[in-house]
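Dropping the sequence and predicted coords here.
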Amino acid sequence: MTTAELAVLRANLISEIAKANQQLVKGDRSVTKRSTGDLQKALATIDAETERVATTPTPTFGVVYAKDGL
């Protein structure tokens, strides 16, 4: 993944963390959002992957040696 894609994932996850403790009730049905701890772990994973991608050098060129030339 690119750093831009990871940044979008991170922003979405932070939005979910803000709503993590909500419980939605409609009639006889209810849904509780995921725990804050689980979301914090996911955020740490995204941050670690962003750091890895941002600090990994990418080769800009390659060198080819040929015995008889090209």
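Now that the structure is in, tell me what you want to look at.

same for the biggest helix by length in the chain, what does it pack against?
In the chain, with assignment by DSSP state H, the single longest helix is helix 36-55. Packing contacts for helix 36-55, counted by 3 or more C-beta pairs under 8 Å, 6 or more residues apart in numbering; DSSP states H and E, involve helix 3-18. Placement of C-beta: from N, CA and C, glycine included.

then the helix it packs on to CSV, C-alphas only?
This file holds the C-alpha atoms of helix 3-18, laid out as CSV (Å, rounded to 0.1, in the frame of the first residue of the first chain):
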residue,chain,number,x,y,z
THR,A,3,1.4,6.1,2.2
ALA,A,4,-1.6,8.0,0.7
GLU,A,5,-3.7,4.9,1.0
LEU,A,6,-2.5,4.2,4.6
ALA,A,7,-3.3,7.9,5.5
VAL,A,8,-6.9,7.4,4.3
LEU,A,9,-7.2,4.2,6.3
ARG,A,10,-5.8,5.9,9.4
ALA,A,11,-8.2,8.8,9.0
ASN,A,12,-11.2,6.4,8.7
LEU,A,13,-10.0,4.4,11.7
ILE,A,14,-9.6,7.6,13.9
SER,A,15,-13.2,8.4,12.9
GLU,A,16,-14.3,5.0,14.0
ILE,A,17,-12.4,5.3,17.3
ALA,A,18,-14.4,8.5,18.1
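
And it, what's buried?
6, 9-10, 13, 16-17 (16 or more other C-beta atoms under 10 Å).

just stretch 16-27 next, same as before
By 16+ other C-beta under 10 Å, the buried positions in stretch 16-27 come out as 16-17.

coming back round to it: what residues of the longest helix of the chain count as buried?
Buried, per 16+ other C-beta under 10 Å, within helix 36-55: 39, 42-43, 46, 49-50.

got those residues as JSON lines, with pLDDT and distance to G62 columns?
Compiled in JSON lines, the buried residues of helix 36-55 are given as follows (pLDDT from 0 to 100; distance: C-beta to C-beta, whole Å):
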{"residue": "L39", "pLDDT": "79", "distance to G62": "42"}
{"residue": "A42", "pLDDT": "85", "distance to G62": "36"}
{"residue": "L43", "pLDDT": "86", "distance to G62": "37"}
{"residue": "I46", "pLDDT": "89", "distance to G62": "31"}
{"residue": "E49", "pLDDT": "89", "distance to G62": "26"}
{"residue": "T50", "pLDDT": "88", "distance to G62": "27"}
